[in-house]
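Enquirer: following is a predicted model, sequence given first.
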Amino acid sequence: VGLPAIGPAPTSAPTAAKGKLFDDDAIALVHNTAQYCHCVAQGKIGSGFDVASASYGCCRYTRFSPSLLDASKPKSVAEVA
């Protein structure tokens with residue numbers, strides 16, 4: 001038993017690789033659209049983990065030590081200018 005189709009029937013063969021339901025471009029489009037809508041609905045830009053997980057199925061995040069940024073951080077605005 002297959003899932004019900006939503007929308008018009010495809011007129012050509014799917015472009016996704018064998019074993020994949022959607023190609024990477026289609027998933028990226030879904031993610032980008034969902035992220036935009038989510039930010040508009042919340043009125044802010046968040047981390048994006050929730051939308052990315054929902055779109056791609058999972059996320060892997062490895063926290064880095066904030067001290068890694070200390071060496072590259074300018075000591076004053078004058079150093080940047």
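Expert: Done, it's in. Nothing here was measured: the structure is a model prediction, and the numbers come from that model.
Enquirer: strands of the chain, start to end?
Expert: Counting by DSSP state E, the chain has no strands at all.
Enquirer: pull the helix or strand with minimum mean pLDDT from it.
Expert: helix 77-80 (a mean of 60; mean pLDDT, DSSP states H and E).
Enquirer: how near is the closest residue to I45 other than its chain neighbours to A54?
Expert: Of all residues not flanking I45 in the chain, C39 sits nearest, at 5.2 Å (Cβ to Cβ, 6 or more residues apart in numbering). In short, each C-beta sits where N, CA and C put it, glycine included. As judged by Cβ to Cβ, to the nearest Å, C39 and A54 stand 14 Å apart.
Enquirer: equivalent analysis for G43, please.
Expert: G43 is 19 Å from A54, by Cβ to Cβ.
Enquirer: which of the two has more residues huddled nearby?
Expert: A54 (15 against 6; other Cβ atoms under 10 Å).
Enquirer: roughly how far apart are the more buried one and L68?
Expert: For A54, the distance to L68 - Cβ to Cβ - is 30 Å.
Enquirer: state the pLDDT value of S72.
Expert: At S72, the model reports a pLDDT of 66.
Enquirer: over to the one 3 residues further on?
Expert: The score at K75 is 67. That number is its pLDDT.
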